[in-house]
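>>> Here's a sequence, model it:
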Amino acid sequence: MRVRLSYGYSGLWISLPDEWKAQVVEPRFVPGLTDPGRAITEALRNPIGTAPLRELAKPSDRVGVVFSDITRPTPNQLILPRVLEEVAYLPKGHVTLFNALGTHRPNTVNDMRSMLGAGKGTVYNSIVSEYRIVQNNAFDPTTQVFVGRSSYGHEIWLNQELMACDVIVLTGFIEPHFFAGFSGGGKAVMPGMAGQRTVLGNHDAAMIGNPKATWGITRGNPIWEEIREVSRCAGTTFLLNVTLNRDKEITGVFSGDLDQAHDAGCVIAKATAMVSVPRRFDIVVSTNSGYPLDQNLYQSVKGMSVAAQVVRDGGAIIIATECRDGVPDHGLYGQLLREAGSPQAVLDTVRSPGFLRQDQWQVQIQAQIQLKADVYAYSNSLTDEQIQAALLQPCRSVEQTIARLRDGYGPGATLCVLPEGPQTIPYVE
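This is a model prediction of the structure:
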């Protein structure tokens, strides 16, 4: 059996002997829309639960359009021009584009070209020449404004230029998320346009450790609930989210009221991604859904987490992730892992009273997974030393690692392969 794993741009093929009886679990494939641009325009003009965007924004209003950064496969090159067409009656100076970085690194000119298309006369060139683009800086309090405390007691700091807008368009794509339930929706505001203090509060050890802070759960999930609460602080918002298939093609468009449109998209995403399996497995092979989601090891904890849903206690996870952006060098993910030295020490550290540091949520989830199963990482962009420093075990051949694990578990060892990683959310029946 040959299986193509979503890995980087080109994928990674692995060959598995038939006698291993691997169960390959993939999302239900939905073909891309034949005319996605037209579908976006129609959704903007026929929204769910609110007036169309062109009626919502008055001629004198200032409009902010929030878009995803380079770590997300949101088709900004299709979405942004259609949104801007709907507010073309406004002076160009009244429209600002906001790159929702959250606590990620700033996007480079090449990143912007990659997201919006490169070359003369393209969307990229027209957008950067006609509109102002603001990249959120979560680490600079002077760019933020305090808008109160959430019902969870956390300070709410949001980008002050965004808060100066009369109407805010939130764009993005919807897929299951490993602790926020689903992506899209209010995540464009928090963490996208929030200050570090707000992100740290939402992602603290107690919030991450809540059993409802997991794949596919929104209501009752404290992380999602607070994200929704913070996004409502942004004032008048209009949502435009899409769902995507494995080829990153648009399969659905959902626009309008923040709650109603996001709920509609989540129903579709859940029906596509959630797949039942009959049992837990000794070995689970996963990915981080390929580029751009597998740009670094930090993001790839999502691929580990989805595998953890169906691996048995004491089993093994193999994550195939390109990591062309490294561990990465920015942020504290790698440092926190090195300082702790073991998964249990990671948990002891992040759960200690008063502990609150950047990226602690990612190491906390990774450590929780590692106390359940061994985790091996395959990456042709990381050295063995980098992988080991992240407390993971190096893997230079997915097939050879599986064979070695089978020798230890016995010939009856069960094997599951998740070629598209977090695009599939398996669960035990």
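>>> Next, count neighbours for the nearest residue to Leu293 once chain neighbours are set aside.
Distances taken as CB to CB, 6 or more residues apart in numbering put Gln299 closest to Leu293, at 6.0 Å, once the chain neighbours are dropped. Any C-beta I mention is one placed from the backbone N, CA and C, and that applies to glycine too. Gln299 is flanked by 23 other residues according to other CB atoms under 10 Å.
>>> Is it correct that Gln299 is in contact with Asn288?
Yes: look at Gln299 against Asn288 with CB atoms under 8 Å: they come within range, at 6.1 Å.
>>> tell me, which helix in the chain spans the most residues?
helix 258-273 (DSSP state H).
>>> Quick check: buried residues in the following helix or strand past that helix?
Per DSSP states H and E, helix 258-273 leads on to strand 274-277 as the next helix or strand towards the C-terminus. Going by neighbour count (16 or more other CB atoms under 10 Å), the buried part of strand 274-277 is Met274, Val277.
>>> Show the secondary-structure elements that strand 274-277 is packed against.
With contacts defined as 3 or more CB pairs under 8 Å, 6 or more residues apart in numbering; DSSP states H and E, strand 274-277 has these neighbours: strand 425-428.
>>> who's in contact with the strand it packs on?
25, 176, 215-216, 273-280, 306, 309-310, 416, 418 (CB atoms under 8 Å, 6 or more residues apart in numbering).
>>> Return the members of those residues classed as buried.
In those, burial by neighbour count holds for 25, 176, 215-216, 273-274, 277, 280, 306, 309-310, 416, 418, counting by 16+ other CB under 10 Å.
>>> Mind checking which of the residues you listed land in helices?
Ala273, Val306.
>>> Turn the buried ones among the contacts of strand 425-428 into JSON lines, including distance to Leu12 and pLDDT.
Putting the buried ones among the contacts of strand 425-428 into JSON lines (distance: CB to CB, whole Å; pLDDT from 0 to 100) gives the following:
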{"residue": "Val25", "distance to Leu12": "17", "pLDDT": "97"}
{"residue": "Pro176", "distance to Leu12": "22", "pLDDT": "90"}
{"residue": "Trp215", "distance to Leu12": "24", "pLDDT": "94"}
{"residue": "Gly216", "distance to Leu12": "27", "pLDDT": "93"}
{"residue": "Ala273", "distance to Leu12": "21", "pLDDT": "92"}
{"residue": "Met274", "distance to Leu12": "25", "pLDDT": "90"}
{"residue": "Val277", "distance to Leu12": "22", "pLDDT": "96"}
{"residue": "Arg280", "distance to Leu12": "25", "pLDDT": "98"}
{"residue": "Val306", "distance to Leu12": "17", "pLDDT": "97"}
{"residue": "Gln309", "distance to Leu12": "22", "pLDDT": "97"}
{"residue": "Val310", "distance to Leu12": "21", "pLDDT": "98"}
{"residue": "Cys416", "distance to Leu12": "17", "pLDDT": "98"}
{"residue": "Leu418", "distance to Leu12": "13", "pLDDT": "98"}
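>>> hang on, isn't Val128 packed against Met112?
Yes: counting by CB under 8 Å, Val128 touches Met112, with 7.0 Å between them.
>>> Between the two, tell me which one has more neighbours.
Legend: neighbour count by other CB under 10 Å for Val128 and Met112, higher for Met112 (20 against 15).
>>> Can you check the pLDDT for the residue nearest to Leu293?
If you check Gln299, the pLDDT there is 94.
>>> how close does it get to Ala340?
20 Å (CB to CB, to the nearest Å).
>>> With Leu78 instead?
For Leu78, the distance to Ala340 - CB to CB - is 42 Å.
>>> What of Thr108?
Plainly put, Thr108 is 31 Å away from Ala340 if you go by CB to CB.
>>> of these two, who's got more company?
Here Thr108 and Ala340 are set side by side on neighbour count (other CB under 10 Å), and the busier one is Ala340, at 18 against 10.
>>> Now find how far off-centre stretch 213-233 is within its chain.
Counting by CA atoms, centre = their mean, to the nearest Å, stretch 213-233 is centred 15 Å from the centre of its parent chain.
>>> how about the CA coordinates for it, as CSV?
Extracted in CSV, the C-alpha atoms of stretch 213-233 (Å, rounded to 0.1, in the frame of the first residue of the first chain):
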residue,chain,number,x,y,z
ALA,A,213,-10.9,22.7,25.4
THR,A,214,-10.5,20.3,22.5
TRP,A,215,-11.3,19.4,18.9
GLY,A,216,-14.8,20.2,17.7
ILE,A,217,-16.3,21.7,20.9
THR,A,218,-17.4,25.4,21.0
ARG,A,219,-20.2,25.9,23.5
GLY,A,220,-18.9,25.1,27.0
ASN,A,221,-15.3,25.3,25.8
PRO,A,222,-13.8,28.2,28.0
ILE,A,223,-11.3,29.1,25.3
TRP,A,224,-13.9,29.4,22.6
GLU,A,225,-16.3,31.2,24.9
GLU,A,226,-13.8,33.8,25.8
ILE,A,227,-12.7,34.2,22.2
ARG,A,228,-16.3,34.9,21.3
GLU,A,229,-16.7,37.4,24.2
VAL,A,230,-13.5,39.3,23.2
SER,A,231,-14.5,39.4,19.6
ARG,A,232,-17.8,41.1,20.6
CYS,A,233,-15.8,43.9,22.2
